[in-house]
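> How does the following fold in three dimensions:
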Amino acid sequence: MNKVKNYGSIFLLLLLVTVLVLQFTGINAVFANAIEINTPKTILQEGENIIKTLSKKTLSQDMLKRMDKLSDNQTLPVCIWRRGIETEDLEKGVAEKGFGIKARDSMFADAKSLTQKNIIDAVDAINQKRDQYKYVRLNIIEKFAADNNRAFIEKYSLNDNKVYYKGKYTSTLITELSKTQIYTLMADEEVFDITYFEDLICQPDTWAAVDQIRAAKGTASLPGLKHTSQGSLTGAGVKIGIIEAGGGRYDPENRQLVTMHTSGKLSFVPVPGVNAVIDFHPTMVTAIICGEKKSELFRPYVEGVATGATVYQSATVTATDCLTAFTQFAALGVDVINYSAGATTDAYGWFDKEIDNLIYQTKIVFVKSAGNRGAEEGNITSPGKAYNAITVGSVDTKNGSYTKLNPPYNVSSTSSYKAD
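Numbering: from 1, shown residues only. As a prediction, the model looks like this:
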């Protein structure tokens, strides 16, 4: 993996803007539009060779080749993509809890008329209402997914011990199926597609931090949203989740993080089965997001972009660990997830698709680094190919240096993102 010349400044600026917009607008930003990746048209990639049709649905050539090699008693690890909760049913459920469309419009109408003068006083009230709605909405989706997954497993007598993943907020299942089971399930109108599953090992995507990330305070001529003249927005009331790869976690004794950690504003959330170890990368990313401003003789530490936010961090190794961390953060009410890691893949795959579905259902803003493989040498790392993710490439400074006086201008040659 190539070492980037400059940490993904655009990536972090985008994260900052997202956090501060969430602080300003509350629910309208959290529940922005997203697309559900559960239709056959989206499932099938352009140019894919489809050679078998079942009930107007198709299995990919890759799946058919793998199935042809199976004996009658052998199984194949697969992802089963099924219909999720219908929008009408979800709206009916939230309406019964007092959060129907009209009620939501009325409840948050005042947010549109906020001025810079009274925004701070109104933030707490907006966040409280937003959190109530999020809680009600996610509980309805979670209950539907649990009931739906259980009924489907029982309907086809699937071996529950071999169901490796049940979507907490989606209808996705990862399990093992025989050739006969695959054909039988594909004929079910609830099933959109069945694809091959292979878990992915993910690696950190960013390797160097810069001292010029100053979007929070800005400069004298261009003050940032943290500046008193712009409302002193610090991310207060916003919850951020940081998913790290390589089993890494932040150092709780780091100079920039120790106060946040001891106060409870920064917490580590374990993922079952992952043995976390303190590492540089998760410490660096966490410090950039919420670290205190500290200085040393040869290393000025820039203040984190969202020091007022509540921050959680989880250590993962595989792609399925990442899905677990995502759902754990959703249950904690996280608004934004930062994932500066990924897996090397050639195309949009199961990892990207399930992240798409999780974003669609939870409405969490998912910010992902593009990767360090280089645009000509590889692809954006997964799940950066997800349509609903915000994927950002690393950049070079104007003259290649890391100083505060040279803001980034160009996408780095080592970035997997390629500007059109």
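> distance of Asp147 from Thr175?
18 Å (Cβ to Cβ, to the nearest Å). Glycine gets a C-beta too; all of them are placed from N, C-alpha and C.
> what do you get for Asn379?
The separation that Asn379 has from Thr175, given Cβ to Cβ, amounts to 27 Å.
> which of Asp147 and Thr175 has more neighbours?
Neighbour totals were compared for Asp147 and Thr175, and Thr175 leads with 23 against 10 (other Cβ atoms under 10 Å).
> in the protein, which helix has the most residues?
Taking DSSP state H as the criterion, the chain has its longest helix at helix 119-155.
> which residue ranges form the strands in the stretch 101-250 of the chain?
Per DSSP state E, counting those that start in this stretch, the stretch 101-250 of the chain carries strands over the ranges 165-166, 173-177, 191-196, 203-204, 239-244, 248-249.
> Mind checking those for the one nearest to Ala95?
Closest to Ala95 of the strands of the stretch 101-250 of the chain is strand 239-244 (Cβ to Cβ; 25.6 Å).
> hey, C-alpha coordinates of stretch 314-323 in PDB?
The C-alpha coordinates for stretch 314-323 follow below in PDB (Å, rounded to 0.1, in the frame of the first residue of the first chain):
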ATOM      1  CA  SER A 314     -14.700   0.100  17.500                       C
ATOM      2  CA  ALA A 315     -12.000  -2.200  16.300                       C
ATOM      3  CA  THR A 316     -12.700  -4.600  13.500                       C
ATOM      4  CA  VAL A 317     -10.800  -7.100  11.300                       C
ATOM      5  CA  THR A 318     -13.200  -8.400   8.700                       C
ATOM      6  CA  ALA A 319     -16.000  -6.900   6.600                       C
ATOM      7  CA  THR A 320     -18.600  -8.700   8.800                       C
ATOM      8  CA  ASP A 321     -17.000  -7.200  11.800                       C
ATOM      9  CA  CYS A 322     -17.600  -3.800  10.200                       C
ATOM     10  CA  LEU A 323     -21.300  -4.600   9.700                       C
END
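> Might you list the low-confidence residue ranges for the stretch 201-350 of the chain?
Applying pLDDT under 70 to the stretch 201-350 of the chain flags residues 206-220, 222, 295-301.
> Can you show me the helices along it?
258-263, 280-290, 319-331, 350-362 (DSSP state H, counting those that start in this stretch).
> for the ones you listed, which one sits closest to Ala309?
helix 280-290 (6.1 Å).
> Now do the closest one: distance to the chain's middle.
17 Å (Cα atoms, centre = their mean, to the nearest Å).
> contacting residues around the closest residue to Thr316 other than its chain neighbours?
Spatial nearest neighbour of Thr316, excluding adjacent residues (Cβ to Cβ, 6 or more residues apart in numbering): Cys322 at 5.0 Å. Counting by Cβ atoms under 8 Å, 6 or more residues apart in numbering, Cys322 makes contact with 202, 243, 245, 316, 339, 351, 355, 383.
> Please report how far Cys322 lies from Pro270.
Applying Cβ to Cβ, the value for Cys322 to Pro270 is 14 Å.
> and if you look at Asp72?
Asp72 is 41 Å from Pro270, by Cβ to Cβ.
> Comparing the two, which shows the higher neighbour count?
Neighbour totals were compared for Asp72 and Pro270, and Pro270 leads with 13 against 7 (other Cβ under 10 Å).
> about what we covered before: just flag the most distant two among the contacts of Cys322.
Ala245 and Ile355 (14.0 Å).
> For Val258, grab the count of nearby residues.
16.
> my read: Ala236 touches Thr307, true?
No - between Ala236 and Thr307 there is no contact under Cβ atoms under 8 Å: 9.0 Å.
> still on that earlier bit, measure the residue nearest to Thr316 to Thr58 for me?
Applying Cβ to Cβ to Cys322 and Thr58 gives a distance of 28 Å.
> Kindly report the same for Leu76.
Leu76 is 17 Å from Thr58, by Cβ to Cβ.
> Check Ile359 too.
Ile359 is 25 Å from Thr58, by Cβ to Cβ.
> So between those two, which is more surrounded?
Per other Cβ under 10 Å, whichever of Ile359 and Thr58 has more neighbours is Ile359, with 25 against 19.
> I'd guessed Gln181 sits against Lys155; true?
No - contact between Gln181 and Lys155 fails when scored by Cβ under 8 Å: they sit 11.9 Å apart.
> The two: which is more packed in?
Gln181 (19 against 11).
> who touches the more buried one in this structure?
Residues in contact with Gln181 (Cβ under 8 Å, 6+ apart) are 75, 156, 158.
> which of those has the most neighbours?
Neighbour max across the contacts of Gln181 (other Cβ under 10 Å) = Leu158, 19 neighbours.
> gap between the residue lying closest to that one once chain neighbours are set aside and Phe144?
In this structure, Leu158 finds its nearest non-sequential neighbour in Thr175, 6.0 Å apart by Cβ to Cβ, 6+ apart. Distance, Thr175 to Phe144, by Cβ to Cβ: 20 Å.
> Outside of stretch 62-76 itself, list whatever touches it.
So stretch 62-76 is contacted by 51-52, 59, 78, 162, 176-182, 194-196 (Cβ under 8 Å, 6+ apart).
> for stretch 134-144, that is, sorry about that
Counting by Cβ under 8 Å, 6+ apart, 27, 30, 84-85, 89-90, 93-94, 97, 99, 168-169, 330-331, 333, 361-363 sit against stretch 134-144.
> now the nearest residue to Thr381 once chain neighbours are set aside: how far from Ile126?
With sequence-adjacent residues excluded and distances taken as Cβ to Cβ, 6+ apart, Thr381 is closest to Gly342, at 2.8 Å. Relative to Ile126, Gly342 is positioned 33 Å away (Cβ to Cβ).
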